[in-house]
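Asks: The sequence isn't on hand, but the structure is:
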């Protein structure tokens, strides 16, 4: 099924497209749009089965878009994407024909597969949805435990490859026992010991498939029921093998018993601490710290979805802290394994060092200023003083002031003011907290002074900005009620 993603936030849009495991559910993102009008233009020219759209957008809101799509393209399924927790918005979207909604806060958690599974369950009337687009092979037919205790797991290095070459390597009775257990992996359950080496040798010596396939020799299969075996193999491909794959290795060995050990779960606190460590820009200039964080990720092996979710948040933080557009770096199409992600991280590190912040300063000074930037963004509610921050990063007051402005493009006080205003804008748009509370969270104990600074920077009072957004959203809903 083809998917169109609509969101006026470029970074959020790219993040959703990159992070969601679309292909595992037979979905393909064929387009994106920044508002309702552009989405309609795209739908006029392209075939789409599923539309995922934000609610609050300029030019044409998500609510208006739903109404138009239901009239012009009634076959398209619609899902709302929103920050809003107000039931009024959700209720109106569902009334107009949306089948579900995704709160953006869900994208911070390891449930992206569940989100897509939930949506497809609704589309298909609660039918079971499996990885890949082909029907599920019954688990009970995967392995004859009385005859099979070992198997070969063939894993494609390029998504979409199929093991058609096996027809020339296997006897007819063996070929009947090749099962797709993942969109990029096939299990051969009748590879007897005498045939195993022949098959492996033919793949890598005669057919030279080392750049397209790897083989994992699986043992201990007669010790588990079929349902558990399928789950263990799926987890192995999605997580353990993701971290273990090396380009110079074509053959791996694993027992299912190894895959059943209780691995420590990554808690929300652990994830938060990891995000904090990676969000700190001083890793750009501290090589050892960067390497230590790489090793830590390799040790705990978070799932791919949790990894992507974490780095999506980190890139948003980097973009905010550096005032540089880095969202284009969040593209994982060619980064299938952990070694590819490590290379991606090194490229980002080089990008920030060179293009984002070219400098004549030493790495020590740059690391100090980046640490100061982190300190500011993590403590916007505090009374931040230049002398104290300079002391914390071990740079003299006068030199710190000069370096900070040259590197960030703003004075110390200007940077703090702009960071606080940007933070307050997100709170105004995404929460219903009173303005005096938002002012306090942004380091302004005096609400009147906060409003004065805000208006000087944004051209309108905080209350006016919030009223404008609320009015636009409510007007959109009222208009739909009248037309509906």
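Replies: That came in fine, so what should we check first? Treat the numbers as computed from the prediction; the structure is a model and nothing was measured. Residues are numbered from 1 along each chain as shown.
Asks: residue boundaries of the helices in the stretch 251-400 of the chain?
Replies: Taking DSSP state H, counting those that start in this stretch as the criterion, the stretch 251-400 of the chain carries its helices at 268-279, 287-300, 304-322, 338-351, 363-378, 386-392, 397-408.
Asks: least reliable of those helices going by mean pLDDT?
Replies: Among the helices of the stretch 251-400 of the chain, helix 304-322 carries the lowest mean pLDDT, a mean of 74.
Asks: Which other helices and strands does it contact?
Replies: Secondary-structure packing of helix 304-322 (3 or more Cβ pairs under 8 Å, 6 or more residues apart in numbering; DSSP states H and E): helix 10-19, helix 112-123, helix 268-279, helix 363-378. All C-beta atoms are positioned from the backbone trio N, CA, C, and that covers glycine.
Asks: please redo it, this time with the cut-off set to 6 Å
Replies: helix 10-19, helix 268-279 (3 or more Cβ pairs under 6 Å, 6 or more residues apart in numbering; DSSP states H and E).
Asks: Point out the most buried one among those.
Replies: Mean neighbours per residue, mean count of other Cβ atoms under 10 Å, is largest over the helices and strands packed on helix 304-322 for helix 10-19, with a mean of 19.
Asks: Distance to residue 183 added to the helices and strands packed on helix 304-322, as TSV?
Replies: Supplementary listing: those in TSV, determined by distance: least, Cβ to Cβ, whole Å:
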stretch	distance to residue 183
helix 10-19	17
helix 268-279	27
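Asks: Helix, strand or coil: sort out the nearest residue to residue 384 once chain neighbours are set aside for me.
Replies: In space, residue 384 comes closest to residue 416 once its chain neighbours are excluded; the distance is 5.7 Å by Cβ to Cβ, 6 or more residues apart in numbering. Three-state assignment for residue 416 (DSSP: H, G, I helix; E, B strand; the rest coil): helix.
Asks: residues in contact with residue 302?
Replies: residue 266 (Cβ atoms under 6 Å, 6 or more residues apart in numbering).
Asks: Quick check, pLDDT for it.
Replies: For residue 302, the model assigns a pLDDT of 84.
Asks: How about residue 190?
Replies: 62.
Asks: quick one, which of the helices of the stretch 251-400 of the chain is nearest to residue 91?
Replies: Among the helices of the stretch 251-400 of the chain, the nearest to residue 91 by Cβ to Cβ is helix 304-322 (28.0 Å).
Asks: chain center to the closest one: distance?
Replies: The chain centroid and the centroid of helix 304-322 are separated by 8 Å, computed with Cα atoms, centre = their mean, to the nearest Å.
Asks: now do stretch 381-401
Replies: Relative to the centre of its chain, stretch 381-401 is centred 35 Å away, using Cα atoms, centre = their mean.
Asks: Outside of that stretch itself, list whatever touches it.
Replies: Contacts for stretch 381-401 (Cβ under 6 Å, 6+ apart): 368, 371, 372, 375, 412, 416, 441, 443.
Asks: Low-confidence bits of the stretch 1-150 of the chain, can you list those?
Replies: 83-90, 104-111, 124-149 (pLDDT under 70).
Asks: Quick one: the strands in it, in order.
Replies: For the stretch 1-150 of the chain, applying DSSP state E, counting those that start in this stretch gives strands covering 2-6, 28-33, 50-54, 77-82, 100-103, 150-156.
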